[in-house]
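*Asks:* Here is my input; please provide its structure:
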Amino acid sequence: MADHGRGGGKWRGGRWRGRGADRGGGPGGADGSTRGGPPRGGPPRGGPPSPTGAVAAVGRGAPRGGPRGAPADRGRGARGRGQPTAIIPSAGPTGSTAAIAESVEAIGAKRPGYGTLGIPIDVIVNCFKAELPTGLIYHYDNILPGDKTLPTRLTVPIIRRMQEQYPTIFTKRGSYDGRKNLYSPVEYSLGDREEFEVNEPGRPWPRLVHIKYAATINPSSLVRYIEGKMSHDNQVLTTLNACNVAIRMQPIQNHPFNSRSFYTRTQFRNIGWGVELWRGYFQSVRPVVGKMVINADISAAAFYKSGPLIKLCLEYLGANPEANPVQFLSATRLDHRKRRDLAKFLRNLNVQITRSGQTKQYSIKARRHHDVYSSECPPIASLDLSAEKVVGLEAFFQDIGHPLQFPTLVTARAWYPLEVCQVVPGQFYRSTLNPDQTRGMVDFSTSRPEVRLQSIRDGLQALQYGSSTYLQDFEINVDPNPLTIKGRILPTPTLLYGRNATIQPRDGQWNMRDKTLYKPEKILGCAIIVYDRRFNDRQLEHVKRSFFNVTQMLGMQGMPADPPVLRKDGTGTVYANHIREAALMWKAVKGNMPNLILVILPDMAEDIYTRIKNAGDIKIGVATQCMRASKCGPPKGNEQYYVNVCLKINAKLGGINVIPKPDTVRFLTDRAIPTIVIGADIQHPGPGVTTRPSYAAVVGSVDSDASKYIAVSRAQGFRQEMIQDLADMIAHIIKKYMHYRKEKEGNANPAPRRILFYRDGISEGEFQKCKEQEVAQIFSSSSVSRFEFSAELQLVVFNLEACDNIGIPRPKLTFVVVGKNHHIRFFPPKGGSADRSGNAPAGLVVDREITSPVEYDFYLQSHGGLLGTSRSAHYNVLVDQNNFMPDDLQRISFSLCHVYARSTRSVSIVPPVYYADSVCTRSKHHYDPDGAYGNLSDSASQVSTAAGVSQAEAIRNAFQPVHPNAAQTMYFQ
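*Replies:* Numbering: from 1, shown residues only. The predicted model follows:
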C-alpha cells in the first residue's frame, strides 16, 4: 500500500507467482545468425532439412525404416530392432569458445562463447543428469475421450483404463499428456482401428476414445542438438515433450497436478478462509550443454479444504467451522455482498453427494450472486445435475434416513442442501490470495538453502524415477545426485556518490553513512497531510525532525523544519482537493507551490493511497510520498527508514541517488558512443477475469550513466503477451533521452548509438513470437512491421523507424529477455563459499553446463540472500547487434543491479525491469477513482458501456496519461 518496500509477488492461477513463479515454456530454435558480421538474421524456420538430422517425423504410410533394422519402405509393418545407443558427452565446455556447428541456427542470438571473468566457484544445482531414450518414440495424437473437452484430472484415468482394457494392443503403457498426445516406446498395432470403448466404474455407458498415429521420432536429433550440431526443430521439441510426459506419468496417477508439478498433503498449512497449502514437486526435462537433465524443485499450491461443504462455507465467511451455520448461512444473515462473494468462491467446486447408498459427484455452477437466494428448500449453489431431477426435502428425508438439521439455510437453483455435500479432496484454489493468505504462502514457501536442497533430495522418492514403469520402458535412467558445476563470482562494481565518494559493496549490500546523494534534488516546498486520527503531535514532530535531519545528511536542500500540516479523517472522495489545500498552505507562507507532499496513512488505507496517487501523478503533477503511520513514527521510524524513504523522494523529484563508477562500465558511460538502457514489462488481469485489459510499460534511461529513468505506459488488449505500441513507446523514450542529454548534460550529439533492451515476462516458448512482433517493431521499415528476410544473403533488413521518424542515426540493438520464473537454484556445497544467509555469494554467474547448447544465455545471481533460497535471473539474448562478449554483458547487468534507486542492496534483476514492473502495478492509478472504472480490482463487477463499445475497449479509452510534470521523473518509486 505505502510507497516504501516492494511486494514479494502475487498469487495467480492456482500457484504462487512471486518474483520467480514458474511460467513454463520450452527451449527455442533458430535464426541463422553469425557473430562479427552483418546484422543477425537468416531465412525463416522451415526451410530445407538439416543434413545432420537422422530420421524425420513422418506421417502414416511414409517410409520410416532404417535405424532400427527394418526396411526403409516398410509402411506400417513390424517394429524393427537394434538401433544404436546414443552417446552423450559427460562433461561441459572447458574453454571460452562455444562448440556450435556453423550450420546450426538459434531462435535468438547464437552463443558467442563463455565468460572467464571472476573467481571460480563450485555450486550444486537442482538438476539431475538423465539418460536419453535410445529407441524410437511413437507419437499418437487426436486423443479425444468423447465429444466434449474434459479436464485432465478426468482424461488421464480414462486413457489409463483404455490401456488396461486392451493389453494386447497397448503392450507397453504410453505416456499421456492429458490433452491430445500420447507417446509410446513401442509401435501399437492399431490396424484400421482408431476408436476404443472405455468402461468407467459407476458410468452406465462407455466413453469413446479416438487415437491416431502421428509420427515416429528419433531421439538422436536431441543428442545432436545438445552437442551443438543440430538446430532446435520439431524432432527435438517432440522428444523433449515425450520425456517430460514420461517423467510425470507415475506420480500424477495418484496426486493432483498441473503442467509441471504434482502435490501431496504430506506437508500442508491452513491459511484461512477455507484454503490450505500443499507441498508440491516440480520437474522439467531440459537440454543443456552436452547432456539432458531433469530440473527438480519443491513448490506449493493452494487447495480448497475438503470435508463438509457447510464447514468450508463457514470458514470462508470467517466463522468457526464448528459454529451453528444458521447464524451465518441462513438467508436473513447473508447480505448481497456475502452472497456474491460466496457464489464466486464456490463456483466450479466439485462436491460428492450420497443418496440411497450411491455417491455421485457434481460441480457447483453458481455464476452470479442471484444463484444463492432465500427459499424454503435448502440447496447451495446451482448444481450441474445432468439428467437428474430436482430433489426436494421429502426425497432427502427418505434417501439420507434422517431429517435435515438446517432446513433454513440459503438455497439456489438446484435442490441439494449444504449439509449433504462433501468437498472432493485435491481441488486447486485458483483465485487471487488475499494479503494474509499471501503472507502464509510466502512463509510456507521459504526455506534456507540447505533445507530446500534436502527437501529436493527427499522428493526424489515422490518423483518415483527408480520405480516408474514409464521411465523404464523409455529406458530413461536418472542419477539421484544433483549436479555440481562451475560458476564464477563477478567483480563487484564501485559505486559513486556525491562529492566523488565511492563505496565498494560487500555481499550485495552497503552503508551510505557519511555519503551524500550523487545528484540531490532541491525540495522547493513541502506540506504534510495526515489521515490517521490516532497519529498524535509527538509522532508528527518525530516525522518532521527525521525528514529535516536525513535530507540534510543526504545533501537534499530545502526541506523545512516545520512544514504545514493538514489533518483529514479519510472520508470523502476528492483527495486532489486535499493536496491542493495542503499546497496552498505552503504557498500562503512561502509564496511558491511545493514540489513534495508527504502523506501519513492508516495501515489499512488502500483506497486512500490509490486516490492520492491518482491526484498527485495523474491530475496535479506533484510528488507524493505515502507512509504508514505505524512505521514512520517512533520507534520504527528510525534513521535507516527515513534514508530509504528519501532515496525514493529524490528520484521522484528528478534527482540521481547513485551511479556505477564510469570506468567499471565503460560500455554504458562511453560519451563517444552513447547508450540507452530500456526495460519493458506487461501485466495481465487475474485468472477468470476477461473484461480487463493488459497493461504495458516501457522505461528508459535518459542520463549518460544509466541511472535516471522515465516511463511510458499503455492499456492494451486482454492478455496480449506482446507490447502492441512498442515502436511509439520507444520513440517517446528516445526523444526524452535526447532532450535530457542535450539540455541537462550539454551534449551536442545526444542521439543514442546503442540500445540495451531488457524485456521481462517472456517465456522461452514465446521467444520466436517476441522477435517477430516486438523486435520487429523496433527494426521495421515504414511499410513493413515484421522482419524482412533475404534468403540469398541470410540477412535481416533492420530499419529503426522510430529513430528515422525523429531524424537520428539508427542505433544498434541488444535485446535481452530477463526470466525470473524458473526453478533453477544454486546451492553452496558443504564447506563452500556462502553468505550469511547460506546462499551463494552475490555476483554468481553460470553460463555453462546447465545453459542452452545453442542459445546465448546465462544465470546471474546478483543479490545477497535475505530469507530462504535466492533465485537467480535467467538472461537470454535474442538480438545482439552490439556483439557483446559474455564477460561484458554479464558485468554490465551485474553493475546495473547495484543502482536500483530506492535501495542500498543489489537487486535480483536489472533495475529497468523492476521499474517497468512497478509502472504496470500502478495501472489502476491511471483511472479516475470516482469514474466508472475507479475500482479495477479483479473482483469488481462489470459496468455498463456505450452501445457498440466493449468493456475492455472502454477501460482502455479511460486510461489517463501521467501528468507532464511527473512524466519527467521517476514517479513510480
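*Asks:* Show me how the record splits this protein into domains.
*Replies:* According to automatic domain parsing, the chain comprises the domains 307-424, 520-653.
*Asks:* Now the shortest one: average pLDDT?
*Replies:* Per-residue pLDDT values across domain 307-424 average out to 68.
*Asks:* Could you pull up the residues touching the closest residue to residue 170 other than its chain neighbours?
*Replies:* Of all residues not flanking residue 170 in the chain, residue 163 sits nearest, at 4.0 Å (CB to CB, 6 or more residues apart in numbering). To be clear about C-beta, it is placed using only N, CA and C from the backbone, and glycine gets the same treatment. Contacts here follow CB atoms under 8 Å, 6 or more residues apart in numbering; on that basis residue 163 touches 170, 173-174.
*Asks:* what's near enough to touch residue 868?
*Replies:* Contacts of residue 868 (CB under 8 Å, 6+ apart): 445-448, 452.
*Asks:* Kindly apply the preceding question to residue 469 instead.
*Replies:* 173, 250.
*Asks:* again, only this time at 10 Å
*Replies:* Residue 469 makes contact with 172-173, 249-250, according to CB atoms under 10 Å, 6 or more residues apart in numbering.
*Asks:* do residue 318 as well
*Replies:* 272-274, 328.
*Asks:* Wait, residue 194 touches residue 213, no?
*Replies:* Yes - contact between residue 194 and residue 213 holds when scored by CB atoms under 10 Å: they sit 8.5 Å apart.
*Asks:* any weak-confidence spans in the stretch 51-200 of the chain?
*Replies:* 51-97, 145-148 (pLDDT under 70).
*Asks:* And the strands in it?
*Replies:* 119-125, 127-130, 137-145, 175-176, 182-184, 195-198 (DSSP state E, counting those that start in this stretch).
*Asks:* now the stretch 501-650 of the chain
*Replies:* 502-503, 526-530, 565-567, 596-601, 623-628.
*Asks:* Likewise for the stretch 201-350 of the chain?
*Replies:* 207-217, 261-272, 275-288, 291-304, 307-308, 350-355.
*Asks:* Please identify which of those is closest to residue 645.
*Replies:* strand 261-272 (31.1 Å; CB to CB).
*Asks:* helices or strands next to that closest one in the packing?
*Replies:* helix 234-252, strand 275-288, strand 291-304, helix 309-316, helix 435-445, helix 449-463 (3 or more CB pairs under 10 Å, 6 or more residues apart in numbering; DSSP states H and E).
*Asks:* average pLDDT for whatever helix or strand comes next after the last one?
*Replies:* Taking DSSP states H and E as the definition, the helix or strand that follows helix 449-463 towards the C-terminus is helix 469-474. The average of the pLDDT scores along helix 469-474 is 93.
*Asks:* so what's residue 898 up against?
*Replies:* 492-495, 503, 505, 508-510, 658-660, 664, 842, 862-863, 904-907, 911.
*Asks:* ok so, going back, now do the residue nearest to residue 170 against residue 155, distance only.
*Replies:* Distance of residue 163 to residue 155, computed by CB to CB, to the nearest Å: 13 Å.
*Asks:* What of residue 731?
*Replies:* 48 Å.
*Asks:* got it, and residue 289?
*Replies:* 36 Å.
*Asks:* Check residue 330 too.
*Replies:* Distance of residue 330 to residue 155, given as CB to CB: 40 Å.
*Asks:* What of residue 455?
*Replies:* Residue 455 sits 30 Å away from residue 155, going by CB to CB.
*Asks:* Looking at these two, which is more packed in?
*Replies:* Taking other CB atoms under 10 Å, residue 455 and residue 155 do not tie; residue 155 has more neighbours (22 against 15).
*Asks:* quick one: that one and residue 178, what's the gap?
*Replies:* Distance from residue 155 to residue 178, by CB to CB: 5 Å.
*Asks:* okay, and the common contacts of those two?
*Replies:* In contact with both residue 155 and residue 178: residue 143, using CB under 10 Å, 6+ apart.
*Asks:* number of nearby residues for residue 689?
*Replies:* Residue 689, neighbours per other CB under 10 Å, totals 16.
*Asks:* quick one: it and residue 430 touch, right?
*Replies:* No - if you go by CB under 10 Å, residue 689 and residue 430 don't touch, sitting 11.7 Å apart.
*Asks:* If you count neighbours, what's buried in stretch 259-277?
*Replies:* For stretch 259-277, the neighbour count (16 or more other CB atoms under 10 Å) marks 260-264, 268, 271, 273-277 as buried.
*Asks:* any idea which of those is the one closest to residue 638?
*Replies:* Closest to residue 638, out of all of the buried residues of stretch 259-277 and judged by CB to CB, is residue 271, at 31.5 Å.
*Asks:* what residues are up against the closest one?
*Replies:* Residue 271 neighbours (CB under 10 Å, 6+ apart): 277, 302, 429, 433-434, 436-441, 443-444.
*Asks:* Which stretches in the stretch 701-850 of the chain count as strands?
*Replies:* Counting by DSSP E, counting those that start in this stretch, the strands of the stretch 701-850 of the chain are 709-716, 754-760, 789-790, 795-796, 812-819, 826-827, 844-846.
*Asks:* now those as JSON lines including mean neighbour count?
*Replies:* Below are the strands of the stretch 701-850 of the chain laid out as JSON lines (neighbours: other CB atoms under 10 Å):
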{"stretch": "strand 709-716", "mean neighbour count": "23"}
{"stretch": "strand 754-760", "mean neighbour count": "25"}
{"stretch": "strand 789-790", "mean neighbour count": "14"}
{"stretch": "strand 795-796", "mean neighbour count": "22"}
{"stretch": "strand 812-819", "mean neighbour count": "23"}
{"stretch": "strand 826-827", "mean neighbour count": "24"}
{"stretch": "strand 844-846", "mean neighbour count": "25"}
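*Asks:* and the ones you listed as CSV, adding mean pLDDT and distance to residue 348?
*Replies:* Shown next, in CSV, are the strands of the stretch 701-850 of the chain (pLDDT from 0 to 100; distance: least, CB to CB, whole Å):
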stretch, mean pLDDT, distance to residue 348
strand 709-716, 94, 29
strand 754-760, 95, 31
strand 789-790, 28, 46
strand 795-796, 28, 46
strand 812-819, 95, 31
strand 826-827, 96, 39
strand 844-846, 98, 42
